[in-house]
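> fold the following, please.
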Amino acid sequence: MRKAFLRAFAPLAVLLLAAPIGRASVIYDAHDDNSVGELVPNGEDGTPNRPTGSRMGNTVVFGGTARGLDTVTLRYGTYHFDNQPSADQTITLSLYKPDGPADLTGPGLNGNQPGTLIGSRSITTSLFNAPDSGSDLLTFDFGGLVVPDSLVAIVSSTLISNANTQTGFIASSDFTPLVGSNPHGDRLWFGEGPGTFSSDDTWAQADSGGDPTTSNNMVIVFDAHDVPEAATASLLVACGTLLLRGRRRTRVDRGSRGVG
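Numbers count the residues shown, from 1 in each chain. Sure thing, here's the model as predicted:
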């Protein structure tokens, strides 16, 4: 019985070993800081014509084929102009399908708004509490969440900017991402939730005093691994089922012989 099981299992084992192994890779990369360290705040800061909304983000298209999302690294910061500390922040990165209503700024300018939620992760941190100003990298663990080829990444915080304390993401100098792309160009979403988002391609640079290295892209990097194909997944199930049956048959065979 055991030999028969091994003979049956061997071809499947060979196929399983030959199946592609998930590889880790960067599928979107806009990581270079702008030259003035421009933070795009999630509230009014005095710069005229700021679009409405405390939640901001980009529509992205991923490069490569890896779609099992492992981590997303975002550069975030808080500036204290009054030299007073701020409270802990809970910063949330939400990923949506670009299947919401049309951009409120104008149909076609930035495609569809964020619509269906794919997944979100939150980090509560004291990194930015100090009275001095600064930024740091935050890594959100998505644990292999399978994502589509394109999505809208939106960041928000429990701390809302005002004239004294500004909090938000650091703008990238990569107008064109190093990996992946922005399908509608260098544009940033502003809003409060699905159905409220409008896009803009000028305000972030205006807020930096016109610094030409300030884009409307977040400093953000997506890391993912290859997702096993359906055939590989089926093969895993088949191997597991065959292994379980083989063990059961071996136990029955041993029991019929009176072997303890």
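
> ok, D226 touching R23?
Yes. In terms of Cβ atoms under 8 Å, D226 counts as a neighbour of R23; the distance is 5.3 Å. C-betas here are computed from N, CA, C, even on glycine.

> joint contacts of those two?
Common neighbours of D226 and R23 (criterion: Cβ atoms under 8 Å, 6 or more residues apart in numbering): A66.

> between the two, which one's more packed in?
D226 (16 against 11; other Cβ atoms under 10 Å).

> quick check: the gap between the more buried one and L127.
Separation of D226 from L127 (Cβ to Cβ, to the nearest Å) stands at 32 Å.

> could you do N216 as well?
Here N216 is placed at a distance of 24 Å from L127 (Cβ to Cβ).

> again with S150
Relative to L127, S150 is positioned 30 Å away (Cβ to Cβ).

> what about the residue nearest the centre of the chain, is that helix, strand or coil?
Centroid-nearest residue in the chain: V72, 4.5 Å away (criterion: Cα atoms, centre = their mean). Assigned by DSSP: H, G, I helix; E, B strand; the rest coil, the conformation of V72 is strand.

> so it sits right up against I91, yeah?
No. In this structure, V72 is not within contact of I91 by Cβ under 8 Å, at 11.7 Å.

> so what's the residue nearest to N110 when sequence neighbours are not counted up against?
Spatial nearest neighbour of N110, excluding adjacent residues (Cβ to Cβ, 6 or more residues apart in numbering): S199 at 3.6 Å. Listed by Cβ under 8 Å, 6+ apart, the contact set of S199 reads 51, 103, 105, 109-110, 184, 187-190.

> for S199, name its beta-bridge partners.
When bridges are called by DSSP bridges, S199 pairs up with W189.

> any idea how far it lies from L137?
From S199 to L137 the distance is 26 Å (Cβ to Cβ).

> cool, G111 as well?
28 Å.

> which one of these two has more residues nearby?
G111 (18 against 14).

> so where do the strands sit in the stretch 1-150 of the chain?
24-30, 39-41, 55-61, 68-80, 89-96, 117-125, 134-146, 150-157 (DSSP state E, counting those that start in this stretch).

> what segments of the chain are helices?
Counting by DSSP state H, one finds helices in the chain at the ranges 2-18, 203-207, 230-256.

> those helices: lowest mean pLDDT?
Ranked by mean pLDDT, the helices of the chain bottom out at helix 2-18, with a mean of 45.

> may I see the buried residues of stretch 73-89?
Buried positions in stretch 73-89, judged by neighbour count with 16 or more other Cβ atoms under 10 Å: 73-80, 86, 89.

> could you do stretch 166-186 as well?
Neighbour counts over stretch 166-186 (16+ other Cβ under 10 Å) mark 166-174, 177, 179-182, 184, 186 as buried.

> so where is the stretch 1-150 of the chain shaky, pLDDT-wise?
By pLDDT under 70, the weakly predicted segments of the stretch 1-150 of the chain are 1-22.
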